[in-house]
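Q: Structure here, sequence nowhere to be found:
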């Protein structure tokens, strides 16, 4: 042991990580609640420990509430939100299957790409970024194409557009299709009524509306979709994202599938507990009010919103970049002078909008007012004259 | 705001998570160093924040050292170790390709299953669980089968067997095949010489030898394999695990791929910094000495090891369950009386071996002695008379 003893190390005096303190007003990752940080320091237990399954089951129960569902298959995937998207698609899209995508933003394109990689024939109803689909045209598209799976994004993070799902789900079920809905940005911040809307498969992330660090993806699967999956003949191409294996591990046999991270499960448990304490309806209302406050302030600054009022996501705002202003300069000023992160537009919206998240602990009147005053400074520093 | 103000919540007084304190002497997850818990409380930054890439690049540099490689493509996947396995296979195994697997344990079977799901023709060299492959028979198998990809497990967690890779890699390259090596249990605890062994693709996890919580999977890819991948014609079926996209995000353009978890990147940074402080060679030697200490103690108790001395993994021991002893009783006594987690055997080794991890902060003489005395108690409580 002498070689080791000559190297006394492992002292706790100096950590290697010293991140700047940011206020995360971007589309994500978003501000983490202090209590969530605290639980991550709790000791790891094994992925087969009775306590692990206690936490996991409590998470499932609370996730059902936040998702607005009674789906038995409601649990988390050990990957980020995009891993949830891949889980939905790799389980429910078979090679040769016709898949219809409502395509009005970046994440619809990502869904299309994943469906194609899974061998699907993808048909797309395309609209300019920033627009939503109305009920009639959505239903007509589905009745015309008669797909096996329909995919849409409830809250499109690239544009700020909220998409209603009732007409989509009804038409899809009329033609015998399953519906996959992306709830990455909506879950925990604005209403997500999985059962009432009749969505079959939904996925989200642990940051954004749930105020935890990234790392897990909550998913929920309707009994109709679960039945389809049990009857599926072709092998799922993914083993890691195979819902049959994961649901068996987490819900049924508790047999080892992968080494789920107790630390991230604790974080999610605390994030969901905070929602239960606040009350889900109150949380939504808090986000709606912060959104109204934000939009009013944007108007006072002389800026306009990209998305019409009725289609706006509450927790992700896309004000237009004013004429003659370089959005990169505004973002740099916010980050460097105030430690505030926001995002710019990209794709067709590059340079045209800001993407500003107001969610979780930051969705309060005080935080919005504080943000708006620094945003106004940053705009003026970039040459904006209102 | 009145509805919200009537619900003052978010007080920090009561966390929702109160896990039991375990000593994790199982195969994983393993004991996390206290400093790693501390850094996870540091504030999240965005996945495109300059500081995030600073941490990510430092992790890459330290991972190259621990892997023993100069591979440019050395980074982490946002999934657990099994996600690293799926990354290796989905990128480097094409439909119709012949894949050779050295099959002497559970994780070789998992590799085979993933390769089949990716459309490969899998040929297996099978041995009973607990045995290793010698150089001559390994080379003969590869020369006979002439596969395009060869897969083996460096440290098979289900059996405690360490597999030498030099002859496998040499033969594989003689027939023009790439080599995928599972380093989930070996990395950070015993020598993993990627370049010297001439392994093309390797993956691991952040728990086990790196003493962090689960959640990320370090991977490394040789220039030879990177070149093959750049020339690959068929689309990778997985978007989430697509190394071309992930390497572009983490190493080249820093363009958004997925929302990587700053929290887990911090944890890995601290885990790797602890290794740098201790010195990699010293860390290996500490694990080797703890292993010797453990094996001596097992002998003193009258138990024998499943694996011959030359093939033993240092940080994962598989002593045989003594005749007439119910291993489940021993494990339950350790967990319930002492808060110590170990694991049993499964598959062909169910009821026949214990699987006892001695790694990270627990790989010291004191911890081993303490464990052995409690293990002896638990054995006696289960009726063992030495």
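A: Received, thanks. Every value quoted in this text rests on a predicted model; they were computed, and no experiment measured them.
Q: Only C-alpha atoms from now on, for both contacts and neighbour counts.
A: Noted.
Q: what stretches of the stretch 201-350 of chain A score poorly on pLDDT?
A: Judged against pLDDT under 70, the stretch 201-350 of chain A has no low-scoring part.
Q: Tell me where it has helices.
A: Assigned by DSSP state H, counting those that start in this stretch, the helices in the stretch 201-350 of chain A fall at A:223-231, A:243-247, A:262-278, A:280-300, A:327-338.
Q: Would you reformat those as JSON lines and include distance to chain B and mean neighbour count?
A: Supplementary listing: the helices of the stretch 201-350 of chain A in JSON lines, determined by distance: least, CA to the nearest CA, whole Å; neighbours: other CA atoms under 10 Å in any protein chain shown:
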{"stretch": "helix A:223-231", "distance to chain B": "16", "mean neighbour count": "14"}
{"stretch": "helix A:243-247", "distance to chain B": "12", "mean neighbour count": "20"}
{"stretch": "helix A:262-278", "distance to chain B": "6", "mean neighbour count": "25"}
{"stretch": "helix A:280-300", "distance to chain B": "6", "mean neighbour count": "20"}
{"stretch": "helix A:327-338", "distance to chain B": "10", "mean neighbour count": "18"}
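Q: Dump those into TSV; add distance to residue B:173 as well.
A: Putting these into TSV (distance: least, CA to CA, whole Å) gives the following:
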stretch	distance to residue B:173
helix A:223-231	41
helix A:243-247	35
helix A:262-278	40
helix A:280-300	58
helix A:327-338	49
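Q: Of those, which is nearest residue A:318?
A: Taking CA to CA as the criterion, residue A:318 comes closest to helix A:280-300 out of the helices of the stretch 201-350 of chain A, the separation being 9.7 Å.
Q: what's the spacing between residue A:378 and residue B:27?
A: Residue A:378 sits 52 Å away from residue B:27, going by CA to CA, to the nearest Å.
Q: Mind checking which of these two has more residues around it?
A: More crowded of residue A:378 and residue B:27, by other CA atoms under 10 Å in any protein chain shown: residue B:27, with 25 against 22.
Q: so what's that one up against?
A: Residues in contact with residue B:27, defined by CA atoms under 8 Å, 6 or more residues apart in numbering or on different chains, are B:157, B:208, B:316, B:342, B:343, B:355, B:356, B:357.
Q: Can you tell me the SS state at it?
A: Following DSSP: H, G, I helix; E, B strand; the rest coil, we place residue B:27 in the coil state.
Q: and it, what are its phi and psi?
A: With angles defined as degrees, to the nearest 10, residue B:27 sits at phi -80, psi -10.
Q: Please flag which of the contacts of residue B:27 sit within strands.
A: Per DSSP state E, strands hold the following members of the contacts of residue B:27: B:316, B:343, B:355, B:356, B:357.
Q: Looking at those residues, which is nearest residue A:136?
A: Distances from residue A:136 to these, taken as CA to CA, are shortest for residue B:343 (57.8 Å).
Q: mind checking how far residue A:35 is from residue A:154?
A: As defined by CA to CA, residue A:35 lies at a distance of 29 Å from residue A:154.
Q: typo on my end, it should be residue A:111
A: According to CA to CA, residue A:111 and residue A:154 sit 13 Å apart.
Q: neighbour-wise, which of the two wins?
A: A direct count of neighbours by other CA under 10 Å for residue A:111 and residue A:154 places residue A:111 higher, at 26 against 21.
Q: Any buried residues in the helix or strand where the more buried one lies, and which?
A: Applying DSSP states H and E as the criterion places residue A:111 in helix A:106-117. Along helix A:106-117, the positions that meet the burial threshold by neighbour count (16 or more other CA atoms under 10 Å in any protein chain shown) are A:106, A:107, A:108, A:110, A:111, A:112, A:114, A:115, A:116, A:117.
Q: Please apply the same query to stretch A:148-164.
A: Counting neighbours by 16+ other CA under 10 Å, the buried set in stretch A:148-164 is A:148-164.
Q: for stretch A:96-108, same thing?
A: Within stretch A:96-108, the residues scored as buried using 16+ other CA under 10 Å are A:97, A:98, A:99, A:100, A:101, A:102, A:103, A:104, A:105, A:106, A:107, A:108.
Q: mind checking how far the fifth one is from chain B?
A: According to CA to the nearest CA, to the nearest Å, residue A:101 stands 17 Å off from chain B.
Q: And the pLDDT at that residue?
A: Predicted confidence (pLDDT) at residue A:101: the value is 98.
Q: just checking, it is part of a strand?
A: Yes: in this structure, residue A:101 lies within a strand as judged by three-state DSSP.
Q: Domain map for chain A?
A: Listed domain ranges for chain A are A:23-29+A:279-381, A:35-276 (source: automatic domain parsing).
Q: Nearest to residue B:349, out of those domains?
A: Between residue B:349 and the domains of chain A, the shortest gap by CA to CA is with domain A:35-276, which sits at 15.7 Å.
Q: circling back: ok, the ones in strands among the contacts of residue B:27 vs residue A:243, which is closest?
A: Looking at these and their distance to residue A:243, the nearest is residue B:343, at 25.4 Å (CA to CA).
Q: Neighbours of that closest one, how many?
A: Neighbourhood size, residue B:343 [other CA under 10 Å]: 21.
Q: Okay, it and chain A: tell me how far apart.
A: The spacing between residue B:343 and chain A, counted by CA to the nearest CA, is 10 Å.
Q: what's near enough to touch that residue?
A: By CA under 8 Å, 6+ apart, the contact list for residue B:343 reads B:26, B:27, B:331, B:354, B:355, B:356.
Q: from these, which is closest to chain A?
A: Closest approach between those and chain A, by CA to the nearest CA: residue B:26, at 8.4 Å.
Q: Mind checking which of the buried residues of stretch A:148-164 land in strands?
A: Secondary structure assignment by DSSP E places A:149, A:150, A:151, A:152, A:153, A:155, A:156, A:161, A:162 of the buried residues of stretch A:148-164 in strands.
Q: Find the nearest non-adjacent residue to the residue nearest to the spatial centre of chain A, please.
A: The residue at the geometric middle of chain A, judged as the C-alpha nearest the mean C-alpha position with CA atoms, centre = their mean, is residue A:184 (1.8 Å). Leaving aside its sequence neighbours, residue A:184 sits nearest to residue A:204 (CA to CA, 6 or more residues apart in numbering or on different chains; 3.8 Å).
Q: how many other residues sit next to that neighbour?
A: Around residue A:204 sit 30 other residues, with neighbours defined as other CA under 10 Å.
Q: so how far is residue A:153 from it?
A: With the distance defined as CA to CA, residue A:204 ends up 11 Å from residue A:153.
Q: Just grab the bridge partners of residue A:354 for me.
A: residue A:344 (DSSP bridges).
Q: So it sits against residue A:325, correct?
A: No: because the distance of 11.4 Å does not satisfy CA atoms under 8 Å, residue A:354 is recorded as not touching residue A:325.
Q: Those two - which one has more neighbours?
A: Neighbours around residue A:354 and residue A:325, counted as other CA under 10 Å, are more numerous at residue A:354. The numbers are 29 against 18.
Q: Distance of that one relative to residue A:334?
A: Distance of residue A:354 to residue A:334, computed by CA to CA: 12 Å.
Q: which residues do these two both contact?
A: In the contact map built from CA under 8 Å, 6+ apart, the residues linked to both residue A:354 and residue A:334 are residue A:342.
Q: how many neighbours does the nearest residue to residue A:22 once chain neighbours are set aside have?
A: Counting by CA to CA, 6+ apart, the nearest residue to residue A:22 once its immediate chain neighbours are dropped is residue A:339, at 4.9 Å. By the measure other CA under 10 Å, the count of residues near residue A:339 is 15.
Q: wouldn't residue A:339 be in contact with residue A:21 here?
A: Yes: counting by CA under 8 Å, residue A:339 sits close enough to residue A:21 to count as a contact (6.7 Å).
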